[in-house]
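Asker: Everything below, folded, please.
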Amino acid sequence: MDTALFLDICRENSLPCGEPEARKLSDFADFLLAENEKYNLTAIREERALMLRHLCDSMTVIPLIPEGARVLDIGSGAGFPALPLALLRPDVTVTALDATAKKASFINAAASKLALSNLAAVSGRAEELAHDPAYREAFDIVTARAVSRLSVLSELAAGFIKPGCRLLAMKGDPSATEEELRAAEKICRTLSLSHEETKLLTLTDAGAGESLTRSIVIMKKTAPTPASYPRRYSQIIKN
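Answerer: As a prediction, this is how the structure comes out:
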């Protein structure tokens, strides 16, 4: 990946990435594109699109992560935002969760390749792992990028979040996000999740003529999650 171009795009969007970090993220992108030929990790294969839509998009949550936080990224896929977050914030510890074992294995291989001791991936289903005492209410921040509608994601995430801590749901179109928030009101009350703020932002790559509208929904957990939540996935999506 063209590191100089990537740095230019980061600067264009005022994203916190220096040259050493950009080189490492370039190495990661090259590794991803090579492994993608074998495992179909991402549908985005064009270098410039990968820079903006995956790497830059992942960086948008960095200012919202407290120092020293323990972070869980649900539905990490090929490592977004988990890997850029771990690389750019060495003070935090990141656990990447994905239901697909090959994707979790890829993230662990990438973390090893980049010597990221603060990133580890696990394979499993969020609605099951959230009942594991090792993970139950153990995280300061839960992130999720383009993972389910908010009514579903809230239930998948709530059991992992410490009371007083937050879910950062990375979404796209703001109008659709507002609709999701309204639909999630009832389950969020049950889960003691309170909508604090929705941050709106735009990512641009002027050279490619591309512009992306994004929203980050910030939910604060105000009390412990009832022991029966999350429910089985079939119940979550049904209701």
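Asker: hang on, residue 168 in a strand?
Answerer: Yes. Using DSSP: H, G, I helix; E, B strand; the rest coil, the assignment for residue 168 is a strand.
Asker: oh, and call the first residue 37 from now on, that's how I've got it
Answerer: Okay, using 37 as the starting number, the last item reads as residue 204.
Asker: check contacts around it.
Answerer: Applying C-beta atoms under 8 Å, 6 or more residues apart in numbering to residue 204 gives the contacts 97, 100, 177-180, 252-254. (Each C-beta comes from the backbone N, C-alpha and C, glycine too.)
Asker: And the residues you listed, which is closest to residue 134?
Answerer: Top of the list for closeness to residue 134, among these and by C-beta to C-beta, is residue 180 at 11.2 Å.
Asker: and that closest one, what is it in contact with?
Answerer: Here residue 180 is in contact with 109-111, 189, 192-193, 203-206 (criterion: C-beta under 8 Å, 6+ apart).
Asker: coming back round to it: output the contacts of residue 204 in TSV; the columns should cover distance to residue 125 and pLDDT.
Answerer: Converted to TSV, those look like this (distance: C-beta to C-beta, whole Å; pLDDT from 0 to 100):
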residue	distance to residue 125	pLDDT
97	10	96
100	11	97
177	11	98
178	15	98
179	12	98
180	17	97
252	16	97
253	20	97
254	17	98
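Asker: are any of these buried, and which?
Answerer: 97, 177-180, 252-254 (16 or more other C-beta atoms under 10 Å).
Asker: Wait, residue 157 touches residue 132, no?
Answerer: Yes. With contact defined as C-beta atoms under 8 Å, residue 157 reaches residue 132; the gap is 4.0 Å.
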